[in-house]
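Chemist: Need a 3D model of the sequence below.
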Amino acid sequence: MNNKLKQLAVALPFALLSTTAAADWSTTITAASDYTFNGVSQTGNDPAIQGSLDYAFDSGVYAGVWASNVDFGDDTDFELDAYVGKYVQLDEQFSVDYGIAYYTYQGNNSDGNYAEAYTKFGYASEYGQTELNFWYSWDYFGYDTGHVISMIAHTYELAPNHALRASFDISNSLDGDKFQWDQAKGDKSYYHYRLAYQTSYEGFGIEVAAENTSLDYDYADERIVLAISRTFNL
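Modeler: Have a look, this model is predicted:
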């Protein structure tokens, strides 16, 4: 498992160009063939229904909550997250988005709740939108260890309403004695790469993504994920 605010919901096509909403209140409903979290399935390779409720201020400050079904093979079956942040358009090309999120897992096992701070840098050019994103947790999944995720991504508009987004991220545990991604190999980090086609139709956002990781188990191998989203201004 890995950073969340990366994917607190599947992004609508071209939403990467701005994290502010046109209306104060909005909600997004998403149906996905899998809920992957930096390439690792959170639903046992099964589908997910997700929803968010967000409020955006004119200043760029925003806050919201997000929920999804999960399946970790234990009694945890529901994830509920909250976040607050600020999006700043520095000039015509550069932007920054920063904030903090808190992730909770509902059921008989709630030991994995944790907070995470994030900063996302954006650069817009004639070639598309480039991102350099970072997430840091000081108590990753309740293990009392630091954890950092670093991502580089680029979105290129192929034609009006058609885009490709490529991303590569590395997840790194800062204390391998407490948390390792592969205990047999002693790996404290792994990488994840993803290529997504994004479009919209009749108000629905559509994304088809191919992704894989360097982890060697069934819930983190190569896969194709389909997600369909709809955002409503309230």
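
Chemist: Render the CA-only coordinates of stretch 208-215 in CSV, please.
Modeler: The C-alpha trace of stretch 208-215 is given here as CSV (Å, rounded to 0.1, in the frame of the first residue of the first chain):
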residue,chain,number,x,y,z
VAL,A,208,-8.3,3.3,-18.6
ALA,A,209,-4.9,2.7,-17.0
ALA,A,210,-2.2,0.1,-17.4
GLU,A,211,0.1,-0.3,-14.3
ASN,A,212,2.6,-2.5,-12.7
THR,A,213,5.0,-2.5,-9.7
SER,A,214,8.4,-4.0,-8.8
LEU,A,215,6.6,-6.0,-6.0
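
Chemist: List the buried residues for that stretch?
Modeler: For stretch 208-215, burial by neighbour count (16 or more other Cβ atoms under 10 Å) applies to Ala209, Glu211, Thr213, Ser214, Leu215. In this view, the C-beta of every residue, glycine as well, is placed from N, C-alpha and C.

Chemist: Low-confidence stretches in this protein?
Modeler: Per-residue confidence for the chain (pLDDT under 70) gives these ranges: 1-23, 108-110, 183-184.

Chemist: hey, where'd the strands end up in this protein?
Modeler: Secondary structure of the chain by DSSP state E: the strands cover 25-32, 36-37, 40-41, 48-56, 61-69, 78-89, 94-106, 114-125, 128-137, 147-159, 162-173, 189-201, 204-213, 223-233.

Chemist: Just the residues contacting the fifth one, thanks.
Modeler: In other words, strand 61-69. 8-9, 19-21, 35, 42-43, 48-56, 77-87, 99 (Cβ atoms under 8 Å, 6 or more residues apart in numbering).
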